[in-house]
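Chemist: below are the sequence and a predicted model for it; my questions follow.
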Amino acid sequence: MQLKRANNEEIQKQFDTNVFGVVNVIREALPILRQQKSGHIVNIGSLVGISAFTSMGYYSATKFALEGLSEALAAEVAPFGIKTTIVEPGPFHTGFSLRGVAFGTNLLPEAYPSTAGLTDAFSEFDGPTSGDPRKGVKIIVEAVESDDPPFRLPLGLFAFEAIEAKFEQVKQEISVWRERAIQTNFDSVATA
């Protein structure tokens, strides 16, 4: 069995769309928003930008990058009266997973059996049990127009549960080593 590398062109397209495309739009919008001293940037992330799923590493990496970009951006533009929200939806019935998802050319099912399960699951993600896009958009608009808009806006029960579980997992994982790992300062040196 010979394992193949991921196709770099496919990976680059993911980053070009999900990261650099967003960066380019923000760069064009910011001078206008700064001049008017108001506005709201809404970035569409994903729950996999907080909790990566198996066989979705590259897509998740683009959404993780968008999380970091949005977090820094929010702090940078707040003094100009500009707000930032990152929407973190779970599955929605948009047709995206059936029409918009291109699976890589090197799926390697013998090496990564989870990939086959994921490709099968995508048909369920875009079914009637997924979120209603119209309701999702109404919630985004309501959040943006609110007096205190959120920075993070998970959408759908699946997204909330996955993100909450991830935060709890992180909290538990880091607490185990906390007492030992915080002891990283230089030892005191006695002065003569």
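Modeler: All right, it came through fine.
Chemist: which element follows the lowest-mean-pLDDT helix or strand in the chain toward the C-terminus?
Modeler: When each helix and strand of the chain is scored by mean pLDDT, DSSP states H and E, helix 113-125 comes last, with a mean of 58. Using DSSP states H and E, the helix or strand that follows helix 113-125 towards the C-terminus is helix 133-145.
Chemist: list the helices and strands that next one packs on?
Modeler: With contacts taken as 3 or more CB pairs under 8 Å, 6 or more residues apart in numbering; DSSP states H and E, helix 133-145 sits against strand 39-44, strand 82-89, strand 152-155. In short, each C-beta sits where N, CA and C put it, glycine included.
Chemist: buried set for it?
Modeler: The neighbour-count check on helix 133-145 (16 or more other CB atoms under 10 Å) flags G136, I140, A143, V144 as buried.
Chemist: next one: stretch 61-73
Modeler: A61, T62, K63, F64, A65, L66, E67, L69, S70, L73.
Chemist: list just the nearest of the residues you listed to K13.
Modeler: T62 (10.1 Å; CB to CB).
Chemist: phi, psi for G156 please.
Modeler: Backbone torsions of G156, given as degrees, to the nearest 10, read phi 100, psi 150.
Chemist: so what's G57 scoring on pLDDT?
Modeler: At G57, the model reports a pLDDT of 87.
Chemist: actually, L98.
Modeler: 53.
Chemist: do S130 as well
Modeler: 76.
Chemist: surely it touches G136?
Modeler: No - S130 is beyond contact range of G136, at 10.0 Å (criterion: CB atoms under 8 Å).
Chemist: now, which of the buried residues of stretch 61-73 sits nearest V22?
Modeler: L66 (6.2 Å).
Chemist: quick check: that closest one vs G81, distance?
Modeler: 23 Å (CB to CB, to the nearest Å).
Chemist: then F20?
Modeler: 26 Å.
Chemist: closest to the centroid, which residue in this protein?
Modeler: G49 (2.5 Å; CA atoms, centre = their mean).
Chemist: now it. Nearest residue, chain neighbours left out?
Modeler: Leaving out its chain neighbours, the residue that sits closest to G49 by CB to CB, 6 or more residues apart in numbering is K63, at 3.0 Å.
Chemist: show the contacting residues for that neighbour.
Modeler: Each residue near K63 by CB atoms under 8 Å, 6 or more residues apart in numbering is listed here: N18, G45, S46, V48, G49.
Chemist: distance-wise, check it relative to I139.
Modeler: Using CB to CB, K63 is found at 19 Å from I139.
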